[in-house]
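1. quick one: sequence plus predicted model below, questions after.
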Amino acid sequence: MIKGLYNRWSSVHIAVRAVILVAVSVLLALLIELFFNIKTLSLDASDKGIRSIEPDALTTENITRDSDGALLCDGESAAITFNVDGYVDRIIVDYEKDGYFSQSISAEYINAYGEKETKEYDDRAPMWLKSSSHNIRQYVDNITLKLNNDDGSLKITGIRIDNRACFNFHRFMLFALGFTALCMVVLFRKTIASKVEIGFAIVAFSAGLSMIIAMPLVRVGFDEETHLRNSYLLSIGAQTANDAQVWDMLNTSDANHPLIYADTAEEYGRFLEYLNENCNYYGTEDEETYTVTPRHTSGISTFAYVFMSLAINIARAFKLGFGYIYIIARLANLLTYVTVMFFAIKILRKGKILMALIGLMPTAMFLASTVSYDPVVTSFVYLGMSYIINNIIYDDCKGRWWQFALAACAVGYGCLAKAVYAPLLIMGFFIPKSHFRDDKTRRIVKAGFAAAIILLVMTFVLPVLMGASGGDTRGGDTSNSGQLQMILSHPFAYAGLLIKSIWSKLVYYTIGTETLDMMCYMGAGNAIFAIDALLTFVVFTHSDGEKTMTVKAKAGVLISLFVTTALIWTALYLAYTPVGVADSISGVQGRYFIPLLFPLFMLFSFKGIKVNLRRDRYNCLVLAGIGAILFWEIYRQILTACSF
């Protein structure tokens, strides 16, 4: 019977099956949304809706009332306690405050053993909001609000219990996109058997879009305010409206605090509405304006912002609000990453599923779903690397010089923002002589690679030598030129520090949480063991017994990886480590090593290791596995913290 149903299902046109699976995914997401609202829907009519807590029902500490009945907080802290004796889905506190709002909520309830127990909740609301909502979702006896009044301006104007059923768009989209992605991977598994890039695009876009929808509209990404500011300023003309709130959102301000964001869907909606209505650079003749350098640039890194800036420019042409501009900038980054990685995987002849897996790691996808130039760097480096590795392994490529030039340009474009990756082109010198079309092509290609490496490294080295590049003030008393003098005057001491630093973090920055499962201010994930297990399986089994790199080629790849790694650590020692510090290198992060992972893991491809699994099932298993891990991490790390 089951076989008969499967045969009937298989006889249906694949497009029809796709539509059916999308519909089923949407239906499942709706059922899950119903499940999350089942308690509020099953309440008695008298307990549903919004109920205000009357002032007379409050027991207060360090609080007085003004003539309008509002509660004025005295001192740096205050407390409000009230009885509930019923179910509380969300608690809403209306307030007036100059800065951001924060409180600790204590909910006392009767546990399964009939004993009283207290659960604590930390609640913060972004600046500019005048109302904070927080999910409680349980039956409670009483609630105590411990209010923070650090600036002495807090006034409580109302307290409400909200027991309305609520359709959460963020949650619905996460489950709908997650189910759809996994269903599409299974449905198109025979196509994905040879075209892994399609499976990658399905999972990457679905997961990235889920992240963007769920993530708060503040700088939760790695240096996101800097990248957003540079991208935004590239999009504006010379005359702009003078709006301080926009600058707050483009810089490290309390309004753009990475740890103070909307933590419910309701707060997200109100913060988005505020940004759209109040944070805009749309000048008119009646408004005070000032001049900003047209097409403001960020040095050679500007090229990495082109795609996001173009999207922002289009959004501004339609007069969209700043909240939507923020979302569109993130979406543009995601589309750029998915598109370039799609072609990188498509070009690659060996290791497609390995590159796809690395590209779908939570850290890589988080970077691609925020405003950052790291995804541009990684994707373009992988694009050029795909063609180089093809020629290292296979002798039938016989590429023309201009094809190698395009590969070098792809790597070079990625390196414009981070020239430390330029030494990856060294592996091009280890393409076997017999793999070139002719000697002339070989000489042209290797000379071109050498020139590209020198030019790219000079963009990083020359400013340091000329003293035009200062250190990163976040690292303390830093100076590129001062630190370089220390290295040159104590070369052996620095060599020892460099080798010790690389060795101490080798495993951590290769298969550790910070490289594979870190979401910056959203925190580190808890799936590293599952990720490493899947990665180890793919590293040793993805080869189908075809050709692998020669020992000489592997040595060349290893040399390029070591030189690149040394340059990464040295760059952070120059820019981020205080001058004269000789026992550690500061500022190095796992995300810097993502572009190195694919060539590193390709060194572990061996002919003798095979897995007895059809290629369509193998690729489906890997993509579905990393997809399930990725969506779980999004649910746990982002959705439940920001817009649940």
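-> Done, it's in.
2. drop to CA atoms for contacts and neighbour counts, all remaining ones
-> Fine.
3. next structured bit after the lowest-mean-pLDDT helix or strand in the chain?
-> Least confident helix or strand of the chain, by mean pLDDT, DSSP states H and E, is strand 289-291 with a mean of 45. Counting by DSSP states H and E, the next helix or strand C-terminal to strand 289-291 is helix 306-317.
4. name the element residue 529 belongs to?
-> Assigned by DSSP H and E, residue 529 belongs to helix 528-541.
5. can you tell me the closest non-neighbouring residue to the residue nearest the centre of the chain?
-> For the chain, the residue sitting closest to the mean C-alpha position, by C-alpha atoms, centre = their mean, is residue 366 at 1.8 Å. Closest residue to residue 366 apart from its sequence neighbours, by C-alpha to C-alpha, 6 or more residues apart in numbering: residue 519 at 6.0 Å.
6. output the contacting helices and strands for the helix or strand that the residue nearest to the centre of the chain is a member of.
-> According to DSSP H and E, residue 366 maps onto helix 362-368. Applying 3 or more C-alpha pairs under 8 Å, 6 or more residues apart in numbering; DSSP states H and E, we find helix 362-368 packed against helix 196-214, helix 322-347, helix 374-393, helix 513-516.
7. which strands or helices does the last one pack on?
-> So the one you mean is helix 513-516. Packing partners of helix 513-516 (3+ C-alpha pairs under 8 Å, 6+ apart): helix 362-368, helix 508-511, helix 528-541.
8. export those helices to CSV and tack on distance to residue 206?
-> As requested, the helices and strands packed on helix 513-516 are exported to CSV (distance: least, C-alpha to C-alpha, whole Å):
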stretch, distance to residue 206
helix 362-368, 11
helix 508-511, 24
helix 528-541, 19
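9. Three-state assignment for the residue of the chain most remote from its centre, please.
-> Distance from the centre of the chain peaks at residue 67, with 48.3 Å (C-alpha atoms, centre = their mean). Using DSSP: H, G, I helix; E, B strand; the rest coil, the secondary structure recorded for residue 67 is coil.
10. renumber starting at 28 from here on
-> Sure, I'll start numbering at 28, so the last one becomes residue 94.
11. how close does it get to residue 184?
-> To residue 184, residue 94 is 12 Å away according to C-alpha to C-alpha, to the nearest Å.
12. count of residues packed around the closest residue to residue 123 other than its chain neighbours?
-> In this structure, residue 123 finds its nearest non-sequential neighbour in residue 182, 5.1 Å apart by C-alpha to C-alpha, 6+ apart. The number of residues packed near residue 182 is 21, by other C-alpha atoms under 10 Å.
13. likewise for residue 40?
-> 9.
14. for residue 243, see how far away it is.
-> 40 Å.
15. for residue 119, list each beta-bridge partner.
-> Note on residue 119: beta-bridge partners by DSSP bridges are residue 160, residue 187.
16. so who does it touch?
-> Residue 119 is in contact with 158-161, 186-189, counting by C-alpha atoms under 8 Å, 6 or more residues apart in numbering.
17. let's see it at 6 Å
-> Residue 119 is in contact with 159-160, 186-187, counting by C-alpha atoms under 6 Å, 6 or more residues apart in numbering.
18. closest to residue 65 out of those?
-> For the contacts of residue 119, the residue nearest residue 65 by C-alpha to C-alpha is residue 160; the value is 19.7 Å.
19. give me the neighbour count for that closest one.
-> 23.
20. repeat that for residue 509.
-> Neighbours around residue 509, by other C-alpha under 10 Å: 18.
21. roughly how far does it sit from residue 608?
-> Counting by C-alpha to C-alpha, the gap from residue 509 to residue 608 is 11 Å.
22. what's the answer for residue 346, then?
-> Separation of residue 346 from residue 608 (C-alpha to C-alpha): 50 Å.
23. just residue 41 next, same as before
-> Residue 41 is 62 Å from residue 608, where distance means C-alpha to C-alpha.
24. and stretch 334-342, what's buried?
-> Buried positions in stretch 334-342, judged by neighbour count with 16 or more other C-alpha atoms under 10 Å: 334-340, 342.
25. nearest to residue 423 among those residues?
-> Here the nearest of those to residue 423, counting by C-alpha to C-alpha, is residue 334; it sits at 35.0 Å.
26. give the helix, strand or coil label for the closest residue to residue 456 other than its chain neighbours.
-> Distances taken as C-alpha to C-alpha, 6+ apart put residue 473 closest to residue 456, at 6.1 Å, once the chain neighbours are dropped. For residue 473, the secondary-structure state derived from three-state DSSP is helix.
27. residue 380: which of the helices and strands packed on helix 540-543 is closest?
-> Nearest to residue 380 among those is helix 555-568; the distance by C-alpha to C-alpha comes to 7.8 Å.
28. flag every buried residue along that closest one.
-> 555, 558, 561-562, 565-568.
29. same question for stretch 642-652.
-> 642-643, 645-652.
30. so how far is residue 435 from residue 401?
-> Separation of residue 401 from residue 435 (C-alpha to C-alpha) stands at 18 Å.
31. so which of the two has more stuff around it?
-> Ranked by neighbour count (other C-alpha under 10 Å), residue 401 and residue 435 place residue 435 first, with 27 against 23.
32. name the residues of the helix or strand containing residue 529 that are buried.
-> Taking DSSP H and E as the criterion, residue 529 maps to helix 518-531. Across helix 518-531, burial judged by 16+ other C-alpha under 10 Å covers 521, 524-525, 528-529.
33. and for stretch 621-638?
-> So for stretch 621-638, counting by 16+ other C-alpha under 10 Å, buried means 621-630, 632-633.
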